[in-house]
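A.B. asks: Sequence plus predicted model, see below.
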Amino acid sequence: MAHRKQMEQHARPTLLSDFILGGQDGLVNVLGILLGLVAAHAAYQLIIIAGLSALAAESLAMAAVAYTSTDSRRKLFEAEQEREQREMREVPELEREEVRVILRRWGYEGADLEDMLRRIESKPRAWLDLMMAFELNLSTIPPNAPRRSALVVGSSTLLGHIIPLLPFFFLRAQTVTAAYIAVALSAVTLLLIGWYEARVTIGSLWKSAVRMAVIGLGAGFAGFLIGHFVSML
C-alpha cells in the first residue's frame, strides 16, 4: 500500500514581516508626500515627479537595507555558531551545565535530566542546534535569505508606492479628487494587509486590519498637515 506524505504549509514569519514592512512603508511614505503636496497646492508635474522619485529611491533603499540587515544577522549567526562549537570542544562541562539549565526549564530533573543530557551530547549537531536556539535565541539564516529579503521588501515597497499614485495619473486636472481616491485605496490596501497578517497569525482579523489602517493613514495625514501649514507661510 502506497503512502503519500503530506507536508504542512506554514507561513514564513520573515517573509511576512518583510512584505508588511515594504508594503506599509512604501504606501505610507508616498501617501504622506502626495497629500502634503496637494495640501500645499503644488503643481501636477511636481506631484508626479515627487511621487515617482520617492518610488524609485525608496524601493531601492529599502531593498538595500533589507539585504544588508539580513546579511548582518546571517554573519552574526555564523560567528556565534563557531564560538559555540569552540566552547563545546574547549569547555564542555560549562556547555553541559548550560544544557542542564535549558532542560530544567522544560521540567527535567534528576536522573531524567542527566539521561537527556547524555543523549544530547552524543549528537554534536543536536547539541549545537539546541544551544543556538535556546541559549542564544538565534535561528538559522540560509545563504539566499538576504537576496530573498531584498526582493520581497523592494517589490512590496514598489507596489505600496504605486497604489496611492494611480489616481493622479488618471485625474491630471483634479488633484484634490485624486488625493481622496488615493486615501481610499490606501485604506483598503492597509486593511487587507492587516487582515492577511491576522489570517496567518493568531490575531483578530478586524482588530489587526483596523490597526494597520489607522497607523498607516495617521502617518499619511501627518504629511497633509505639514503641507497645509507650509502653504500658509
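C.D. replies: Noted; the coordinates are in hand.
A.B. asks: taking the mean pLDDT, what do you get for the longest helix seen in the chain?
C.D. replies: Of all the elements of type helix in the chain, the one with the most residues (DSSP state H) is helix 44-90. Here helix 44-90 scores 92 as its mean pLDDT.
A.B. asks: Which strands or helices does it pack on?
C.D. replies: Using 3 or more CB pairs under 8 Å, 6 or more residues apart in numbering; DSSP states H and E as the contact criterion, the elements in contact with helix 44-90 are helix 13-39, helix 92-105, helix 124-134, helix 145-170. Where you see a C-beta, it was placed from the backbone N, CA and C, and this is true even at glycine.
A.B. asks: So what angle separates the directions of that helix and helix 124-134?
C.D. replies: Using axes from the mean of the first three to the mean of the last three CA atoms, to 10 degrees, the direction of helix 44-90 lies 130 degrees away from that of helix 124-134.
A.B. asks: Please state the offset of helix 44-90 from the chain centre?
C.D. replies: Chain-centre distance of helix 44-90: 11 Å, with CA atoms, centre = their mean, to the nearest Å.
A.B. asks: which one of the helices and strands packed on helix 44-90 lies closest to residue 75?
C.D. replies: Of all the helices and strands packed on helix 44-90, it is helix 145-170 that lies closest to residue 75, at 9.8 Å by CB to CB.
A.B. asks: I'd guessed residue 18 sits against residue 154; true?
C.D. replies: No: between residue 18 and residue 154 there is no contact under CB atoms under 8 Å: 9.5 Å.
A.B. asks: circling back: nearest to residue 82, of the helices and strands packed on helix 44-90?
C.D. replies: helix 124-134 (10.3 Å).
A.B. asks: who touches the closest one?
C.D. replies: With CB atoms under 8 Å, 6 or more residues apart in numbering as the test, helix 124-134 has contacts from 77, 80-81, 84-85, 88, 95, 98-99, 102, 120-121, 138-140.
A.B. asks: let's go with 10 Å and repeat that
C.D. replies: 77, 80-81, 83-85, 87-89, 92, 95-96, 98-99, 101-103, 105-106, 117, 119-121, 123, 138-140 (CB atoms under 10 Å, 6 or more residues apart in numbering).
A.B. asks: Select only the buried ones of the residues you listed in PyMOL?
C.D. replies: In PyMOL, a selection of the buried entries from the contacts of helix 124-134 looks like this (16 or more other CB atoms under 10 Å):
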select buried, resi 77+81+84+88+95+96+98+99+102+103+117+120+121+138
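A.B. asks: Residue 231 is nearest to which of the helices and strands packed on helix 44-90?
C.D. replies: That would be helix 13-39 among the helices and strands packed on helix 44-90, by CB to CB, at 6.3 Å.
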